[in-house]
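Participant: Could you look at this predicted model? Sequence included:
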Amino acid sequence: MTPGSLSLDAEALYLDLKEGVRALLTENTHLVGITSGGAWLAERLQRDLEIKQALGVITSFMHRDDYEQRGLSGGAATDLPFEVDGADMVLIDDVLFTGRTIRAVVNELYDYGRPARVRLAVLVDRAGRELPIQADYAAARLSLAKTQTLSLARDASLGFHFSLEN
């Protein structure tokens, strides 16, 4: 993919993600959205899939390996309104890149207890992994230059679109 040529339909990918997450669910599965794009997706999935289990939100800020540079910028606090010990969870994120955010989120999760199972579903896996982490479900897989940033933004209509920066 060349710079500036990104053509991803975030809404179409969301519909694909919804079906992928549906396949990961059991009657006891909790969705846990990763701040911020993953939390938006998890909220919408919770509603659209009519999931009755409590929805969680988790942040990676306190466990990031670049915390000294980033600090507490941009984040809501972790909110897991259910018993984490023994829980079945699907982590939801917008873009999976190096794997460092997921590593930090898993560390944060274990501060709250020991889940029975944790799986990961993402809208886009953009390759470039630095850690041995992979999604159980990805609506799209693509490669971008390391210098490019792909992020999900929420529209006023609560829809989604991508932005690509070089």
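Facilitator: Cool, got the structure.
Participant: all strands for the chain, in order.
Facilitator: Per DSSP state E, the chain carries strands over the ranges 29-34, 56-58, 88-96, 117-125, 137-141, 149-154, 160-165.
Participant: Just put those in CSV and tack on distance to residue 108 and mean pLDDT.
Facilitator: All C-beta spots, glycine's among them, are computed from the backbone N, C-alpha and C. Converted to CSV, the strands of the chain look like this (distance: least, C-beta to C-beta, whole Å; pLDDT from 0 to 100):
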stretch, distance to residue 108, mean pLDDT
strand 29-34, 10, 97
strand 56-58, 6, 97
strand 88-96, 11, 96
strand 117-125, 12, 96
strand 137-141, 21, 95
strand 149-154, 21, 71
strand 160-165, 24, 68
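Participant: what's the angle from the longest helix that the chain contains to strand 29-34?
Facilitator: Ranked by residue count, the top helix of the chain under DSSP state H comes out as helix 10-24. Relative orientation of helix 10-24 and strand 29-34, computed by axes from the mean of the first three to the mean of the last three C-alpha atoms, to 10 degrees: 140 degrees.
Participant: Name the nearest residue to the spatially most central residue of the chain, ignoring sequence neighbours.
Facilitator: Computing the C-alpha centroid of the chain and ranking residues by C-alpha atoms, centre = their mean puts residue 93 first, at 0.9 Å. Spatial nearest neighbour of residue 93, chain neighbours left out: residue 38 (3.8 Å); criterion: C-beta to C-beta, 6 or more residues apart in numbering.
Participant: In the chain, where is pLDDT below threshold?
Facilitator: The chain contains residues with pLDDT under 70 at 1-7, 64-75, 153-164.
Participant: still on that earlier bit, contact partners for the residue nearest to residue 93?
Facilitator: By C-beta atoms under 8 Å, 6 or more residues apart in numbering, the residues touching residue 38 are 91, 92, 93, 94, 122.
Participant: what do you get for residue 48?
Facilitator: Taking C-beta under 8 Å, 6+ apart as the test, what residue 48 contacts is residue 18.
Participant: again with the one 3 residues further on
Facilitator: Contact partners of residue 51, counting by C-beta under 8 Å, 6+ apart, are 25, 29, 31, 45.
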